[in-house]
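J.: Sequence below, structure please.
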Amino acid sequence: MVQASRHTGTPDSALVRLLARLAGSDVRPSSQGFADRLGLWLRWTDAMPLFTALKDAPQPTPATGDAAKAAASLQATAGAAARLRTALARAIAEETAAATVEFRAPPVPLPGEVKEATPGFPPFRRCVLARQSAMAAGIAPLRGRLRMALSARSPALARLATVDTVLEQVIGNQEHRLLAGIPKLLEKRFRQLRDASGEDAVEDWPLVFQQEVQSVLMAELDLRWQPIEGLMKTLRANL
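T.: Here you go, the predicted structure:
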């Protein structure tokens, strides 16, 4: 039932492994189960709404309403989801490339402005923050739309939608805090590549860094997309 929200940024996450590799750190797979790891993120104030959503959960019941209409609605939602993900992925590729172009050839300053010797990391920081904001703004409404579809299918699925709402609030706060640290980690990597010399120097390091930023943002998109995949699978299984 918690499949729809099963992402907590643990060492099993591809995003965490990628960031650790860029930082030169080792991350061991977690030996804890999902429930144990989730418990590390829950405060006592989070327990009550989650308990309320879980208690007396009804047995699954046959879906009500017009099955053909539900299938058509799901198909439309799936199409919207696919378009959103494609757009988010395309924007990541385009804007990381644009950040590299800006780094290589900073814009001409306006009259009276002082031209910086190099734009440094800011073009990439703006890119990462903009893409993170776009992912959050695009995925949240879609997740809500899928929960509404679940709620309309049966009491059991309505309860699942309620649980997902609670988990989104609980995990979302922690997730936001962790993802907010990505720009700082990437800036450290940026300086490492820029300042490398001798055998450690990387040929065309700005392009290498662009590819790394793109990989990190795509891994973040995959992480944020997990609840969407879980909700979609649940809807398909209960048509």
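
J.: how far out from the middle of the chain is the helix or strand harbouring Ile228?
T.: Using DSSP states H and E, Ile228 maps to helix 205-237. Computed by CA atoms, centre = their mean, to the nearest Å, the chain-centroid distance of helix 205-237 equals 6 Å.

J.: Any chance of the backbone angles for Arg153?
T.: For Arg153, the backbone dihedrals (degrees, to the nearest 10) come out as phi -90, psi -50.

J.: can you pull the buried residues of stretch 213-231?
T.: Neighbour-count burial for stretch 213-231, counted by 16 or more other CB atoms under 10 Å, picks out 213-225, 227-228, 230-231. (C-beta placed from N, C-alpha, C; glycine too.)

J.: check contacts around Ala89.
T.: Neighbouring residues of Ala89 by CB atoms under 8 Å, 6 or more residues apart in numbering: 218, 221.

J.: Can you give me the separation between it and Val213?
T.: Applying CB to CB, to the nearest Å, the value for Ala89 to Val213 is 14 Å.

J.: longest single helix anywhere in the chain?
T.: For the chain, the helix that runs over the most residues, judged by DSSP state H, is helix 67-104.

J.: Next secondary structure element downstream of that one?
T.: Sequence-wise, the next helix or strand downstream of helix 67-104 (DSSP H and E) is helix 122-151.

J.: If you tally nearby residues, what's the number for Ala152?
T.: 15 (other CB atoms under 10 Å).

J.: so what pLDDT did it get?
T.: Turning to Ala152, the model gives it a pLDDT of 86.

J.: and Pro111, what does it touch?
T.: Contacts of Pro111 by CB under 8 Å, 6+ apart: none found.

J.: Ok, Leu15 next?
T.: Neighbour list for Leu15: 9, 216, 219-220, 222-223 [criterion: CB under 8 Å, 6+ apart].

J.: for Ile139, same thing?
T.: 84, 224-225, 227-228.

J.: what's the most distant pair in those?
T.: Spatial extent of the contacts of Ile139 (CB to CB) is set by the pair Leu84 and Pro227 at 13.4 Å.

J.: re the thing from before, rank the contacts of Leu15 by pLDDT and give me only the lowest.
T.: Minimum confidence in those sits at Gly9, scoring 48.

J.: Show me which of the contacts of Leu15 is closest to Gly138.
T.: Glu220 (12.9 Å).

J.: and the residue lying closest to Phe124 once chain neighbours are set aside, how many neighbours?
T.: Setting aside the residues directly before and after it, Phe124 is nearest to Ala99 in space (CB to CB, 6 or more residues apart in numbering), at 4.8 Å. Residues contacting Ala99 under the criterion other CB under 10 Å number 25.

J.: let's number from 30 now, not from 1
T.: Sure, I'll start counting at 30 from here, so that last one is Ala128.

J.: My guess is Ala128 contacts Glu241. True?
T.: No: using CB atoms under 8 Å as the test, Ala128 is too far from Glu241 to be in contact (12.0 Å).

J.: where does this structure dip in pLDDT?
T.: 30-41, 55-80, 82-94, 135-139, 142-148 (pLDDT under 70).

J.: cutoff 50 now
T.: Low-confidence segments of the chain (pLDDT under 50): 30-35, 37-38, 40, 88-90.

J.: Could you count how many residues lie near the nearest residue to Met177 once chain neighbours are set aside?
T.: In space, and not counting its chain neighbours, Met177 is closest to Ala190: 7.5 Å by CB to CB, 6+ apart. Ala190 has 22 neighbours, counted by other CB under 10 Å.

J.: Can you tell me the element Ala190 falls in?
T.: Using DSSP H and E, Ala190 sits within helix 184-208.
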